[in-house]
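>>> Give me the fold of what follows.
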Amino acid sequence: MPQDAAKPSASQIRLVLADVDGTLVTKDKILTPRAIRAVARLRERGILFTITSGRPPKGMKMVIDPLEISEPIAGFNGGMMVRPDFTVIEARTLPADTARRVIGIIRDHKADPWVYNGNDWIVSNSEAPHVAREQWTVKFPPVVGKVDEKLDQVVKITGVSDDLALMKRLEHDLQQALGDTASAALSQPYYVDVTNRDANKGGVVMTLERLLGIPAAQMVTLGDQPNDVLMFRKSGMSIAMGQASAEVQAQATHVSTSCEEEGFANGIEKYVLGDA
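Numbering: from 1, shown residues only. Model prediction:
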């Protein structure tokens, strides 16, 4: 359980930061009434709550509104920090030459590259795997065109394939190729996200510390994927969902039930609110 910050007691917790897909919502992207109640109870205790995701900020509106989130929100794994009305606080982009190189590596692995440039989500084929599902999830359509035509404001590039072994190789090869010039990590078994080197979920914890004046040691993070481990390491307490891999679970302070079994609410109730 490698952690950079000291473990807080329940009375010292001031902020909870949750991943969205596979953590806050179910596999069918459902925000349950019990999860909404758990966040309301945090607020009653004076504990702030916000979210981070590989999704674009507007793709999180379906949970921002019912949870009445008022704190800064981290989209693109921290590539863009916004207020709940989606005004940008700060953005971290990929250099154009790095973006072009990443697209080439993804294509070399026979995966499909998606580019998020400014407010546009660009795909080369609207019928490609996961495009329709992603559109349903984020509630806005992609721009169909040449993904490498405009690379001046790239916040995130996603490699997509249902060959899960290939995706692990792609994650590894991107990390080896990019070194510390950019961040590459699986956000879902079928997505590898590449962002600015400072745009990762560990960086989100440090940005929230700076923006809100809350020490990382007094934060709790919840997640389920390898890209959540970086925020686990920075926060005082971390909770992995029960469906997370053994490697991800080993990096967390606690392990809850799966997202299909109210893992978010169970983790908050047991480890943050102290319910029996």
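>>> and the spatially most central residue of the chain, how far is that from residue 191?
By C-alpha atoms, centre = their mean, the chain has its centre lying nearest to residue 53, at 2.6 Å. Per C-beta to C-beta, to the nearest Å, residue 53 is found 11 Å from residue 191. From N, CA and C alone the C-beta is placed, and that goes for glycine too.
>>> on that earlier part again, now the residue nearest to the centre of the chain: closest residue in space that isn't a chain neighbour?
Nearest residue to residue 53 in three dimensions, chain neighbours excluded: residue 20, at 4.1 Å (C-beta to C-beta, 6 or more residues apart in numbering).
>>> I figured the one you found hits residue 60, correct?
Yes - assessed by C-beta atoms under 8 Å, residue 20 is found in contact with residue 60 at 6.2 Å.
>>> Can you pull the residues that touch both of those two?
51, 53 (C-beta atoms under 8 Å, 6 or more residues apart in numbering).
>>> more crowded one of these two?
Neighbour comparison, residue 20 and residue 60: the larger count goes to residue 60, with 27 against 24 (by other C-beta atoms under 10 Å).
>>> Checking my notes, the more buried one in a strand, right?
No - using DSSP: H, G, I helix; E, B strand; the rest coil, the assignment for residue 60 is helix, not a strand.
>>> Just the endpoints, please. Distance across stretch 156-172?
Start-to-end span of stretch 156-172 (C-alpha to C-alpha, to the nearest Å) is 17 Å.
>>> residues of that stretch that come out buried?
Within stretch 156-172, the residues that qualify as buried are 156-161, 166-167, 170-171, counting by 16 or more other C-beta atoms under 10 Å.
>>> and those residues as a markdown table, adding pLDDT and distance to residue 82?
What follows is the buried residues of stretch 156-172, written out as a markdown table (pLDDT from 0 to 100; distance: C-beta to C-beta, whole Å):
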| residue | pLDDT | distance to residue 82 |
| --- | --- | --- |
| 156 | 93 | 14 |
| 157 | 96 | 20 |
| 158 | 96 | 19 |
| 159 | 97 | 24 |
| 160 | 97 | 24 |
| 161 | 96 | 29 |
| 166 | 96 | 33 |
| 167 | 96 | 28 |
| 170 | 97 | 28 |
| 171 | 96 | 26 |
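>>> Show me the residues you listed that map onto helices.
For the buried residues of stretch 156-172, the ones inside helices are 166-167, 170-171, with DSSP state H as the criterion.
>>> Closest one of the residues you listed to residue 47?
residue 171 (33.3 Å; C-beta to C-beta).
>>> Look up how far residue 226 lies from the closest one.
8 Å.
>>> Need the residues touching each of those two.
Common neighbours of residue 171 and residue 226, using C-beta under 8 Å, 6+ apart, are 185-186.
>>> part of a helix, is residue 38?
Yes - counting by three-state DSSP, one finds residue 38 located in a helix.
>>> Hmm, residue 263 and it touching each other?
No - counting by C-beta under 8 Å, residue 38 does not reach residue 263; the two are 10.9 Å apart.
>>> Quickly list what's touching both of these two.
By C-beta under 8 Å, 6+ apart, no residue touches both residue 38 and residue 263.
>>> how about the residue lying closest to residue 218 once chain neighbours are set aside, what does it touch?
Closest residue to residue 218 apart from its sequence neighbours, by C-beta to C-beta, 6+ apart: residue 14 at 4.5 Å. By C-beta under 8 Å, 6+ apart, residue 14 lies in contact with 46-48, 214, 218-219.
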